[in-house]
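Asker: what's the 3D shape of this:
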Amino acid sequence: MENLLISACLLGIECRYDGKSVKSVDIEALKEKYNLIPMCPEIYGGLTTPRCPSERVGERVMMKDGTDVTENYKRGALIAYKMCCIFNCKTALLKERSPSCGCWQIYDGSFSGRLTDGDGCTAELLKSKGINVIGESHIKKIM
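Answerer: Next up is the predicted model:
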């Protein structure tokens, strides 16, 4: 079976900023086709759970309280990429809208709930390295 890198929160691991998960109902079906390799780039980057929400502001990632956590996000993205290399993951299923895992659209940095076109730090790095990045709303594309 092929290995699939997956945002740990989609598997039910409570690692999101709010200390919760967002388990996807379609995950069980993926287990029949893939070895699931869980990761949370925010945790790997050194952030705690729970933590203050963060959003991308240009090339920076800022917490709502003004703390710059860009280096944490970059570190976590690099570890996620290394995991893809170690486990030979050609595809990553990531949590949409996240400042790390978001693909195609992320929150706009105003902490108002508005979306903008763009990728989170991890999605951006993985795409640049040729990894196929899919958001959870497109899970059927890889089933």
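Asker: ok, residues contacting the helix or strand of the chain with the lowest mean pLDDT?
Answerer: Sorting the helices and strands of the chain by mean pLDDT, DSSP states H and E puts helix 27-30 at the bottom, at a mean of 88. The contact list for helix 27-30, computed with CB atoms under 8 Å, 6 or more residues apart in numbering, reads 4, 6, 10-11, 36, 93, 139, 142-143. The C-beta positions use only the backbone N, C-alpha and C, and glycine is treated the same way.
Asker: If we use 10 Å, what do you get?
Answerer: Residues external to helix 27-30 that are found in contact with it (CB atoms under 10 Å, 6 or more residues apart in numbering): 4, 6, 10-12, 24, 34, 36, 93, 136, 139-140, 142-143.
Asker: most surrounded residue in the residues you listed?
Answerer: Leu93 (28 neighbours; other CB atoms under 10 Å).
Asker: bridging residues for that one?
Answerer: Assessed by DSSP bridges, Leu93 has beta-bridge partners Ile6, Ile134.
Asker: before we move on, the earlier item: so what strands line up beside whichever helix or strand comes after the least confident helix or strand of the chain?
Answerer: Stepping forward along the backbone from helix 27-30, the first helix or strand reached (DSSP states H and E) is strand 34-39. Strand 34-39 sits in its sheet next to strand 2-7 (parallel), going by DSSP bridges.
Asker: Could you export the strand it pairs with as PDB, keeping only the C-alpha atoms?
Answerer: Written as PDB, here are the backbone C-alpha positions of strand 2-7 (Å, rounded to 0.1, in the frame of the first residue of the first chain):
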ATOM      1  CA  GLU A   2       1.100   3.600  -0.700                       C
ATOM      2  CA  ASN A   3       1.900   5.900   2.300                       C
ATOM      3  CA  LEU A   4      -0.200   9.000   2.700                       C
ATOM      4  CA  LEU A   5       0.800  11.900   4.900                       C
ATOM      5  CA  ILE A   6      -2.200  13.200   6.700                       C
ATOM      6  CA  SER A   7      -3.000  16.100   9.100                       C
END
